[in-house]
Every structure is written in C-alpha cells, then in structure tokens.
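Chemist: here is a sequence together with a model predicted from it:
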Amino acid sequence: MFNSAIFSKTIRDSAITIALAVAGIVAFVILLVPIMLNMGTELLEFVSKIDFIKKILEVTLGIKTEGEVSINILFGVGFTHGTVLMLAWGTLIATTTRVIAGEIERGTADILLTLPVSRLEVYVSTTLAWLMAAAMLSLGPIIGVWIGSRLFETGEVVEMSRYIAPTVNFFAVNVAIASLSCLFSCMLDRRA
C-alpha cells in the first residue's frame, strides 16, 4: 500500500521548491511582525471607516475592526496574506501536478505505471508526500510569528496557543487546494 521508493522520489523531486517556499513564508511573516507592530492598529482604524473593506477584513481574517485590537489578532494576518497563500499554493500545485500530468508530459507515466506496484501504492505514496509538504507549508506562518515575536519587542504577550487553530485551518485549506490540483492533474495531460 505504501512504496518508499515512490514516496522518496516525489519528495526528492520537490524538496528544493518546498524548502524555499517554507523559508519564504517564514521570512515574510517575520518581516510582517514589525510592520504590524508599527502600522497595524492605524491601518485597521483607517480601513474601518470604509464599510466594504471593513466587511472583507472581518470575513477573511475573522476579526472585528472596531474597539481594541490585540497584537495577537494582527499577527494572524500572516496566515491569510496573499504572499503566504501564493507561496504555499503555488508549491502544492507544482508538487501535485508533477506526479500525474508531469509524468505524462515527460513521457515517463508508462514506466511509472508499469512498475510492479499497484496504482493504489502510487496514489498513497504520492499523497503522503504532498500531505507532508502541506504540513510543512502550514507551519511556516506560526514559526514566523514565533521567531518575529522573539526578534522584535511586541509590548504585549504573544500567545502562541492562539495560532494553533489558524495553523490547522491553513493545513485544511492547503489539503483542499492540493486535492483539487491532483484532480485536475488527472484530467489533463499537460501541467501548464
């Protein structure tokens, strides 16, 4: 049911991309920490005057833009920022499409599927590989918040336990994106 050779090949093919994406997410969130410390509350006060943008922030970030906003809430922006999503989803799409459509495009799918392994073994092994990638990418923002809160004076206690739910939610969204990418990869014969 699990084939370590296919698993390690899938990880090896995507390891550099995954490592760079995780490093990019962590670095971006670390840089986001001082920005939120300096401009976060003023930005929310400005945005809260525009009803349309206020509603978008409340829905996407799950925060109220009125009243006191803690630094813990502002750091949560790192989980939904476009740059973080682009790095995570781009990496997952590249990883998941490499297995099916990439093998067909390179002409190596016949070799892969004629090996003495079942299709279930190929599916389980590659799925575990991209699930591991999704988990690593999902941990990037919480690691960035932790490092950033240690590097910069926050003036308020940063409760890391508050970021467990966003990390789990980010993982769930990453799994959904990767699953859809696998579905489309099975229906197409070109990655592009």
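Modeler: That came in fine, so what should we check first?

Chemist: switch to C-alpha atoms for all contacts and neighbour counts from now on
Modeler: Will do.

Chemist: per-residue pLDDT of the one residue sitting closest to the centre of the chain, please?
Modeler: Nearest to the mean C-alpha position of the chain, counting by CA atoms, centre = their mean, stands residue 88 at 3.5 Å. Residue 88 carries a pLDDT score of 97 in this model.

Chemist: dump the residue contacts of it.
Modeler: Contact partners of residue 88, counting by CA atoms under 8 Å, 6 or more residues apart in numbering, are 21-22, 25, 134, 137-138, 174.

Chemist: just the helices from this protein, written as ranges.
Modeler: Applying DSSP state H to the chain gives helices spanning 4-47, 51-61, 71-75, 82-99, 101-106, 109-113, 119-151, 164-187.

Chemist: what does the last one rub up against?
Modeler: With CA under 8 Å, 6+ apart as the contact definition, helix 164-187 has outside contacts at 76, 79, 88-89, 92-93, 96-97, 100-101, 130-131, 134-135, 137-139, 141-142, 191.

Chemist: how deep is residue 30 tucked in, by neighbour count?
Modeler: Residue 30 has 25 neighbouring residues, counting by other CA atoms under 10 Å.

Chemist: from residue 30, how far off is residue 140?
Modeler: 10 Å (CA to CA, to the nearest Å).

Chemist: quick one: low-confidence residue ranges for the protein.
Modeler: Residue ranges of the chain with pLDDT under 70: 41, 44-45, 47-48, 53-54, 56-69, 101-106, 108-110, 112-113, 189-192.

Chemist: circling back to that earlier point, what is the nearest of the contacts of residue 88 to residue 149?
Modeler: Nearest to residue 149, judged by CA to CA, of the contacts of residue 88 is residue 25 at 15.3 Å.
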